[in-house]
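Student: Have a look at this prediction, sequence included:
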Amino acid sequence: MGLLVNGQWKDQWYDTKDSSGSFKREAAQLRNWITRDGSAGPSGRGGFKAESGRYHLYVSLACPWAHRTLIFRKLKKLEEHISVSVVSPDMLEHGWSFNTDEGSSGDSLFGYQFLHQLYTRNKADYTGRVTVPVLWDKLQNCIVSNESSEIIRMFNQAFNEISGDTQNFSPEEKQTEIDTINELVYENINNGVYRSGFATTQEAYKEAYTNLFDALDRVENILGQKRYLVGEKITEADWRLFTTLIRFDSVYHGHFKCNRQRLEDYPNLSNYVRELYQWPGVAETVNFHHIKRHYYFSHTMINPTQIVPVGPDIDYTNPHNRG
Ligand SMILES: N[C@@H](CCC(=O)N[C@@H](CS)C(=O)NCC(=O)O)C(=O)O
């Protein structure tokens, strides 16, 4: 685990000294947008027109943020238009790697050993964390974006004419509602599990834990009244929540000490996570080996023995009652 400083790799754990033991996630720095016609998006510069075969996605199958982008690539029928490379689940002293002996697909574009080499190819003196997902432009030889919430919005819209898929997971009329629920879910659940697991003081942990379960209770309650988070149709907000829920009992409950209860103990959430898992194509994007191996083996500060637990044994293909 580490970061780049002026283009040099430094092996270093997250610094929580300046935030009273609380984990603060660094904001993604590379924020351009692919658009239908290549015009500039809400941030960054223009010049990234949607084209088949032009873009490459780097992901980890363990990472909940990268997982969102894989789900959108699948649901929006972009697999034949956007190629992908998968890093190894082991993120150790060199950060994310392309070691094929450890479960990576290899880097099919450049044959790099480590993901940080891609970041310095994009900018030789880059300073910042080297995170997945990364969306790469083969034409201009640069990173388009390393922010998953924006990559999924590009996938939702920009390629419709190319893929012929017009499903819309962020309809305009629902945008405010989606953004409001995303905020609750991002702060307290998606990032909340990390704030619990990476806290280095009892107080910081307790605060993250309390906010996390308060938010899960709220979402459980919403799902008692509505089929999906913003109503009768599935939206981006559901997929953003799903990638944390599917990891909850296998990783966050134990490794990140989010253990007031399991997700399985929530009647609505446990059925809802099954419905989403069973959505056509989605199970193929879930890899429990990469998920468990990554967290338990890479975070040696939390789990120094690197033992990966055998359980839990949960069947996500069981029938659900969400109909
Ligand atoms: N804002 C980013 C966050 C991505 C992120 O933090 N990914 C994690 C993997 S789960 C990562 O690569 N961490 C490496 C690090 O922080 O050094 C996004 O949503 O795309």
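Tutor: Received it, and whenever you're ready, just let me know what you need. Residues are numbered from 1 along each chain as shown.
Student: can you tell me the helix or strand for the residue in the stretch 201-323 of the chain that the ligand sits nearest to?
Tutor: Closest residue of the stretch 201-323 of the chain to the ligand, Cβ to the nearest ligand atom: H294 (8.0 Å). C-beta coordinates here come from the backbone N, C-alpha and C atoms, glycine included. Assigned by DSSP states H and E, H294 falls within helix 288-298.
Student: Pull the residues that contact that helix.
Tutor: Applying Cβ atoms under 8 Å, 6 or more residues apart in numbering, the external contacts of helix 288-298 come out as 1, 60-63, 89-92, 103, 247, 250-251, 255-256, 303, 306-309.
Student: Show me the residue sitting in the middle of the protein in space.
Tutor: In the chain, the centroid-proximal residue (Cα atoms, centre = their mean) is W65; its distance is 0.9 Å.
Student: what residues are up against that one?
Tutor: By Cβ under 8 Å, 6+ apart, the contact set of W65 is 131-133, 148, 190, 243.
Student: Show the average pLDDT along whatever helix or strand it lives in.
Tutor: In the assignment (DSSP H and E), W65 maps to helix 64-75. What helix 64-75 shows for mean pLDDT is 98.
Student: What's the per-residue pLDDT of the residue of the stretch 201-323 of the chain closest to the ligand here?
Tutor: For H294, the model assigns a pLDDT of 98.
Student: Around it, count how many other residues there are.
Tutor: Burial of H294 is recorded as 25 neighbouring residues (other Cβ atoms under 10 Å).
Student: How much space separates it from I181?
Tutor: 27 Å (Cβ to Cβ, to the nearest Å).
Student: Check E79 too.
Tutor: E79 sits 28 Å away from I181, going by Cβ to Cβ.
Student: and the two? which has more neighbours close in?
Tutor: Using other Cβ under 10 Å as the criterion, E79 and I181 rank with I181 on top: 23 against 13.
Student: right, and the helix or strand after the host helix or strand of that one?
Tutor: Assessed by DSSP H and E, I181 sits inside helix 175-185. Next helix or strand after helix 175-185 toward the C-terminus (DSSP H and E): helix 192-197.
Student: could I have that next one exported to CSV, CA atoms only?
Tutor: The C-alpha coordinates for helix 192-197 follow below in CSV (Å, rounded to 0.1, in the frame of the first residue of the first chain):
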residue,chain,number,x,y,z
GLY,A,192,-18.5,4.2,6.2
VAL,A,193,-17.3,0.6,6.3
TYR,A,194,-13.7,1.9,5.4
ARG,A,195,-14.0,4.6,8.1
SER,A,196,-14.8,1.9,10.6
GLY,A,197,-12.1,-0.5,9.4
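Student: What lies in contact with it?
Tutor: Under the contact criterion Cβ under 8 Å, 6+ apart, helix 192-197 has outside partners 22-23, 25, 204-205, 208-209, 211-212, 215, 244, 247-248, 252, 255-258, 299, 302.
Student: From these, list just the buried residues.
Tutor: Applying 16 or more other Cβ atoms under 10 Å to the contacts of helix 192-197, the neighbour count classes 22-23, 204-205, 208-209, 211-212, 215, 244, 247-248, 252, 255-258, 299 as buried.
Student: Among those residues, which lie within helices?
Tutor: Among these, the members falling in helices (DSSP state H) are 204-205, 208-209, 211-212, 215, 244, 247.
Student: Output those residues as a markdown table; include the columns pLDDT and distance to H116.
Tutor: Shown next, in a markdown table, are those (pLDDT from 0 to 100; distance: Cβ to Cβ, whole Å):
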| residue | pLDDT | distance to H116 |
| --- | --- | --- |
| A204 | 98 | 28 |
| Y205 | 98 | 30 |
| A208 | 98 | 28 |
| Y209 | 98 | 32 |
| N211 | 98 | 32 |
| L212 | 99 | 31 |
| A215 | 98 | 33 |
| T244 | 99 | 26 |
| R247 | 99 | 25 |
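Student: which among those residues gets closest to F98?
Tutor: In terms of Cβ to Cβ, no member of these lies closer to F98 than R247, at 22.7 Å.
Student: Which residues are in contact with the closest one?
Tutor: R247 makes contact with 64, 193, 291 under the criterion Cβ under 8 Å, 6+ apart.
Student: picking that back up, please report how far the residue nearest to the centre of the chain lies from K74.
Tutor: Noted for W65: a distance of 16 Å to K74, by Cβ to Cβ.
Student: Ok, H294 next?
Tutor: With Cβ to Cβ as the criterion, H294 and K74 are 20 Å apart.
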